[in-house]
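Chemist: My questions concern the predicted model and sequence given below.
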Amino acid sequence: MNIKSLSLLLCVFLTAFTLSGCGKDVTSMSQTGFYFDTAITITLYGEDSQASDQLFDDCFALCETYEAMFSRTREGSDIWKINHAGGAPVEVSPETAQLLQKALHYCEETDGAVDITIAPLSALWDFSADTPATGHTLPGREQINALLPHVDYHNVQIEGTVVTLTDPQAALDLGCIAKGYIADRLKAFLKEQGVQSAILNLGGNVVTLGNKPDGSPYRLGIQKPFDMRNTPIAALAVTDASFVSSGVYERCFEVDGVRYHHLLSTSTGMPEENGLLSVSILSDSSADGDILSTACFLLGKDAGMAYVESLPGVEAVFITEDYALYPTSGLSGLLQKP
């Protein structure tokens, strides 16, 4: 199954699961767009059709705007310009500069476990391609070793809205944080428009606005890794929050019976193998949750849990290779059966 199909299935699974148990019929409308190689589904509750149509149009226009800023592969985006500047300074939008600063904060906090200059290695592996599993070719060790020295977030300099890559062979990839930021902006926009109940699903980055229309919290399912039936392994009651997961099942392929996933170690250039299948982050900010889900996976269970425990207002669930669940202290006893 290719990534686009998996994203769409995951989107349907999460949206449907949150609707269960509402207790009464509620008017809802959903629309799906495709941005950042991700299915983005917006579900609004209690809105009339005419108002909803305009809100959907406005939300997807925002997605288009941010893809034009943050996409690594879209020619002319802020990130594309930086990556193709050959080390020259590039003027970017204030939001791009702000998002880069936030991402660099987490690069520093995790001592480079998560690093937004991972782009050369990500491109080498090309997990986003729709190539059948039998068609993938593994990068050679020499290729990986040649790129590793250029993965170093210290090479990103920001002065106001001017960004410089001091290593001309470095390149940025905001895939670990951009979807979360966009989800936050969409939620803020809908709130400004008076929407009180909504679910935003950006390919597994789920953001809820308010409660369900009946006043109860949303009930979100935590994906059971590799289950093509999209069976939840657990559930969590969520109100007005972000829930983001990163896992080895999201973008992966097999070669000679060995599975390779997209969560790359910045020290080896290989998929990180630390006994984890996924990490899910519950937080107020989806941008924070997005990059933290990746960072905590790469840090590993023990270091990742310790890091989350040090952050106010952030909780996590770690799933290990034996499908055991390890929640942080704030979620202890709160995970529900699906």
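Modeler: Good, I have the coordinates. Numbers count the residues shown, from 1 in each chain.

Chemist: going forward, measure contacts between C-alpha atoms and count neighbours the same way
Modeler: Fine.

Chemist: gap between residue 115 and residue 290?
Modeler: Going from residue 115 to residue 290 by C-alpha to C-alpha, to the nearest Å gives 13 Å.

Chemist: cool, and residue 142?
Modeler: 31 Å.

Chemist: what about the two, which has more around it?
Modeler: residue 290 (29 against 8; other C-alpha atoms under 10 Å).

Chemist: I'd assumed residue 205 was in contact with the more buried one.
Modeler: Yes: at 7.3 Å, residue 290 counts as touching residue 205 under the criterion of C-alpha atoms under 8 Å.

Chemist: got any residues that touch both of the two?
Modeler: Residues touching both residue 290 and residue 205 (C-alpha atoms under 8 Å, 6 or more residues apart in numbering) are 179-180, 244-245.

Chemist: and of the residues you listed, the nearest to residue 60?
Modeler: residue 179 (13.1 Å; C-alpha to C-alpha).

Chemist: Surely the closest one forms part of a strand?
Modeler: No: assigned with DSSP: H, G, I helix; E, B strand; the rest coil, residue 179 falls outside any strand and is helix.

Chemist: what's near enough to touch it?
Modeler: Taking C-alpha under 8 Å, 6+ apart, one finds 36, 202, 205, 287, 290 in contact with residue 179.

Chemist: cool, and residue 183?
Modeler: So residue 183 contacts 200, 202, 205, 207, 286-287 (C-alpha under 8 Å, 6+ apart).

Chemist: Try it again at 10 Å.
Modeler: 40, 59, 63, 189, 200-202, 205-208, 242, 285-287, 290 (C-alpha atoms under 10 Å, 6 or more residues apart in numbering).

Chemist: On the three-state scheme, it is what?
Modeler: Taking three-state DSSP, the label given to residue 183 is helix.

Chemist: I'd say residue 138 and residue 260 touch.
Modeler: Yes: with contact defined as C-alpha atoms under 10 Å, residue 138 and residue 260 form a contacting pair (9.2 Å).

Chemist: Tell me which of the two has more neighbours.
Modeler: residue 260 (21 against 12).

Chemist: Strand partners (parallel or antiparallel) of the strand or helix carrying the more buried one?
Modeler: Residue 260 is located in strand 258-261, with elements delineated by DSSP states H and E. Strand 258-261 sits in its sheet next to strand 252-255 (antiparallel), going by DSSP bridges.

Chemist: buried stuff in stretch 213-226?
Modeler: 213, 217-225 (16 or more other C-alpha atoms under 10 Å).

Chemist: and which of those residues is nearest residue 87?
Modeler: After measuring these against residue 87 - C-alpha to C-alpha - the closest member comes out as residue 225, at 40.0 Å.

Chemist: And for the residue nearest to that closest one when sequence neighbours are not counted, the neighbour number?
Modeler: In space, and not counting its chain neighbours, residue 225 is closest to residue 249: 5.9 Å by C-alpha to C-alpha, 6 or more residues apart in numbering. Applying other C-alpha under 10 Å, we find 20 residues neighbouring residue 249.

Chemist: do residue 67 as well
Modeler: So residue 67, with other C-alpha under 10 Å, has 21 neighbours.

Chemist: go on, residue 297?
Modeler: With other C-alpha under 10 Å as criterion, residue 297 counts 30.

Chemist: Check which helices and strands the helix or strand in which it is found sits against.
Modeler: Assigned by DSSP H and E, residue 297 falls within helix 286-299. Helix 286-299 sits against helix 94-109, helix 178-192, strand 205-209, strand 242-247, strand 276-283, helix 301-309, strand 315-320, with contacts defined as 3 or more C-alpha pairs under 10 Å, 6 or more residues apart in numbering; DSSP states H and E.

Chemist: Name every strand pairing with the fourth one and say which way it goes.
Modeler: With DSSP bridges as the test, strand 242-247 is paired with strand 205-209 (antiparallel), strand 276-283 (antiparallel).

Chemist: can I get those in JSON lines with distance to residue 100 and mean pLDDT?
Modeler: Below are the strands paired with strand 242-247 laid out as JSON lines (distance: least, C-alpha to C-alpha, whole Å; pLDDT from 0 to 100):
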{"stretch": "strand 205-209", "distance to residue 100": "19", "mean pLDDT": "96"}
{"stretch": "strand 276-283", "distance to residue 100": "20", "mean pLDDT": "97"}
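
Chemist: and residue 235, which of those is closest to it?
Modeler: strand 276-283 (11.7 Å).

Chemist: centre of the chain versus the closest one, how much separation?
Modeler: Its chain's C-alpha centre and that of strand 276-283 lie 11 Å apart, by C-alpha atoms, centre = their mean, to the nearest Å.
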